[in-house]
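1. Sharing a model prediction with you, sequence too.
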Amino acid sequence: MDLKEYAANNHVPIIKDGGLDFIIALIKKADCKMILELGSAIGYSAIKMAKTAADIYIDTLEKNEEMYLKAKENIAEAALNDRISIYHTDIKDFKTDKLYDLIFVDAAKAQYYNYLNQFIGNLKEDGVMVFDNIAFHGMVKDPSLTKNRNTKALVKKIRKFKELVQEDDRFDIMIYEDIGDGILTLRRRKNR
């Protein structure tokens, strides 16, 4: 069973094809070599990103032990242990001095702004942060698509995050509502 099929059968949220294609194209265009991924799940996107080029190195973080173990197994099966380092940790507890060309954020949506502030010092000048699920199944644009109170609160936080980064002069921002489940990119401006 391939990873996409495993994810579908086991209700594991992974990046949609359009979002993954976008990130792979970005990695190639920007010649990204060092990548930090926040939210490994089963290792699907880390494996796909690492397979883009033989000189790509990825640090990926996963809090859920079951997911971490499955991702670790999948990375080993893909023979990528030498290029993907997976950490079983809560994102807020992870500290590193490394600088990354790309930081891919696919973790707790309500924490996006906190993650931005936590890892901005690890983003190379002219590096890019990519946030997935920025449309959140169309609910960010149309909150009436859900009656669930928790989901409505999450949608508000995603909207607030979008507003905050659009006012932030440290970045050039691009929002792609129609790619995958919505992608937002922040490119760090030089000397900011």
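-> Here it is on my side, so go on.
2. Can you list the residue ranges for helices in the protein?
-> Under the criterion DSSP state H, the chain contains helices at 3-9, 17-30, 44-50, 65-77, 112-119, 149-166.
3. Settle this for me: residue 111 is touching residue 91, isn't it.
-> Yes: between residue 111 and residue 91 there is a contact at 7.3 Å, judged by CB atoms under 8 Å. Backbone N, C-alpha and C define where each C-beta goes, glycine included.
4. Comparing the two, which shows the higher neighbour count?
-> residue 91 (19 against 16; other CB atoms under 10 Å).
5. so how far is residue 99 from the more buried one?
-> Here the criterion is CB to CB, to the nearest Å. By it, residue 91 lies 18 Å from residue 99.
6. Convert the C-alpha atoms of stretch 185-192 to CSV, please.
-> The C-alpha trace of stretch 185-192 is given here as CSV (Å, rounded to 0.1, in the frame of the first residue of the first chain):
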residue,chain,number,x,y,z
THR,A,185,3.9,31.8,1.1
LEU,A,186,6.1,34.4,2.9
ARG,A,187,9.4,35.2,1.3
ARG,A,188,11.7,37.0,3.7
ARG,A,189,12.8,40.3,2.4
LYS,A,190,16.5,41.1,2.4
ASN,A,191,17.8,42.9,5.5
ARG,A,192,14.5,42.5,7.4
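7. avg pLDDT for that stretch?
-> The average pLDDT within stretch 185-192 is 79.
8. out of the helices of the chain, deepest packed?
-> Burial of the helices of the chain is given as mean neighbour count (mean count of other CB atoms under 10 Å); helix 44-50 ranks first at a mean of 23.
9. Can you list the helices and strands that that one packs against?
-> helix 3-9, helix 17-30, strand 34-38, strand 57-62, helix 65-77, strand 84-88 (3 or more CB pairs under 8 Å, 6 or more residues apart in numbering; DSSP states H and E).
10. Assess the claim that residue 104 and residue 37 are in contact.
-> Yes: contact between residue 104 and residue 37 holds when scored by CB under 8 Å: they sit 4.7 Å apart.
11. Need the overlap of contacts for the two.
-> 45, 49 (CB atoms under 8 Å, 6 or more residues apart in numbering).
12. wait, isn't residue 145 in contact with residue 138?
-> Yes: in this structure residue 145 lies within contact range of residue 138 using CB under 8 Å: 5.7 Å.
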